[in-house]
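Asks: fold the following for me, if possible:
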Amino acid sequence: MGEDDKGRIVVVDDDAGGRQAMSRALRKVGYDVAPFGDGLEALAFLREHPNVALVVTDLKMPGLDGIEVLRRAREMVPDIGVLMVTAFGSVETAVGAMKYGAEDYLEKPVNLEVLRGRVANLVEKVQLGREVNEFKAVERIVEDRGSFEGMIGISTPMLELFRKIQQVSPTRSSILILGESGTGKELVARAIHRHSARSAETFLPVDCAAIPAEILESELFGHERGSFTGAQARKLGKFEMADGGTLFLDELGELPLSLQAKLLRALESKTFMRVGGSQEIQVDVRLVAATNRDLLVMANEGGFRADLYYRLAVVNLRIPPLRERREDIPALASAFLERFARENEREEPRITPEALQVLKWAPWPGNVRELRNLCESLSILHSGQEIQPQQLPENLRQAAQDASVAGPGAGSSGAHGSLVGRTMEEIEREVLLRTLERTGGNRTQAAEMLGIGLRTLQRKIKQYRKEGFSVIDAEL
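Replies: Below you'll find the model as predicted:
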């Protein structure tokens, strides 16, 4: 997640006074602290927030002791830091804690200034390790011809998307995937599932737009025999079928308002009732949803429940349209041509640099799906041949010519004008402002959409205020 999650610390101590003192001391220097008096409660929190950087735990506690908290925490998050606190400051105790994997220990009563210093060192170590691992993961994607879980891309927006998928997949949080039609939202959802702890369980996709509204409730939650005309037997819904795994709701913006309240309750309580049923059914399902519509605008206009939107949008992943990642088009086209030639047992056509230039300039309103369909057609019609620009569809050639004449800034910045000739600071300020407008001033959501930490966003807002841009103040 963002830098704020990396700086989150869990404090575990059954002594309320010590727990509060350590938590206050760490909060004063900017850490996000989650204090617990019980080891099981701390582990339950960690299960929901695996990006916690550090656990500060007392050694001797009733129930789970500090060593057991350390052991189980490491099972869930192998790279998490652990600082042990003990009133029994013998060498044997310290060595024992270090043997089980604690990076450091402190004796009680805890010197709070020393605590801050030790915590700062350990958090920095964890952050650095995680950043290195993320960098290595991106390097592997680039080396593997830009391929990641069936998706292809070496452009900055796609590498950032791949990085975020790897970050959010191990969590239990709901995820909202945003993207135009044809960008590959289901591929992203499947990648999230495969990189999660649920990868061995069911991944179940549901297209909300393809199912008539009158039967969608039964499809999602099931029904009892005789609950309506034609219900001749009990039917399990998708929530039950996906128990333990991942349920992917595509085109969520098409979900009727009448069903949104039931979906919200199922997410909040992890329980639901079948249509016509009276018994609550408990399930453990991770929900990943996707939409090509602006749910926040729909919520403001009454077309979507705001409480459901904020419950779903714990994490937003935006898939860039193809026109924002033109450098990926050659690799995509090559992969599609090779694939369809193999599937149809034909010789792969060779695309000339001139034809490739047309593909790079084309607007692609249908995104990757449109490019894939074109490549399938080319592989059939021009097997083994060299593809010249004149062999591409005329409408595609004309649109590419218009785009190349207009220049790269045309059509991409809307009413805000071309980006060409503007400074990076001006572009950054406008993007920040427009994102805040989009979220109604919600800084947490804006930071998530921008892929930066909340503290980074707040620092930039303060910077622009000092420079006299009062328009930002007006939007918050």
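Asks: show me what contacts Leu43?
Replies: By Cβ atoms under 8 Å, 6 or more residues apart in numbering, the contact list for Leu43 reads Leu64, Val69, Arg72, Ala73, Met76. Quick note: C-beta positions are derived from backbone N, CA and C, even for glycine.
Asks: quick one: which of those has the most company?
Replies: Using other Cβ atoms under 10 Å as the neighbour test, those are led by Val69, with 27 neighbours.
Asks: that residue in helix, strand or coil?
Replies: Secondary structure assignment for Val69 (DSSP: H, G, I helix; E, B strand; the rest coil): helix.
Asks: how about the nearest residue to it, chain neighbours excluded?
Replies: Gly39 (4.4 Å; Cβ to Cβ, 6 or more residues apart in numbering).
Asks: swap in Glu149?
Replies: Leaving out its chain neighbours, the residue that sits closest to Glu149 by Cβ to Cβ, 6+ apart is Ala191, at 3.8 Å.
Asks: for the one you found, give its distance to Leu322.
Replies: Here Ala191 is placed at a distance of 18 Å from Leu322 (Cβ to Cβ, to the nearest Å).
Asks: ranges for the strands of the stretch 101-250 of the chain?
Replies: Assigned by DSSP state E, counting those that start in this stretch, the stretch 101-250 of the chain shows strands spanning 104-107, 147-148, 151-152, 175-178, 203-207, 246-250.
Asks: let me have those in JSON lines, extended by mean neighbour count.
Replies: Formatted as JSON lines, the strands of the stretch 101-250 of the chain follow (neighbours: other Cβ atoms under 10 Å):
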{"stretch": "strand 104-107", "mean neighbour count": "18"}
{"stretch": "strand 147-148", "mean neighbour count": "20"}
{"stretch": "strand 151-152", "mean neighbour count": "22"}
{"stretch": "strand 175-178", "mean neighbour count": "23"}
{"stretch": "strand 203-207", "mean neighbour count": "18"}
{"stretch": "strand 246-250", "mean neighbour count": "24"}
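Asks: now for these, which one comes closest to Asn344?
Replies: Counting by Cβ to Cβ, Asn344 lies closest to strand 151-152 out of the strands of the stretch 101-250 of the chain; the figure is 20.1 Å.
Asks: direction included, what does that closest one pair up with?
Replies: strand 147-148 (antiparallel) (DSSP bridges).
Asks: okay but Asp284 is in contact with Lys270, surely?
Replies: Yes - using Cβ atoms under 8 Å, Asp284 is in contact with Lys270, at 6.6 Å.
Asks: higher neighbour count, Ala191 and Leu322?
Replies: Leu322 (25 against 20).
Asks: check contacts around the more buried one.
Replies: Contacts of Leu322 (Cβ under 8 Å, 6+ apart): Thr183, Asp328, Ile329, Trp364, Asn367, Val368, Glu370, Leu371.
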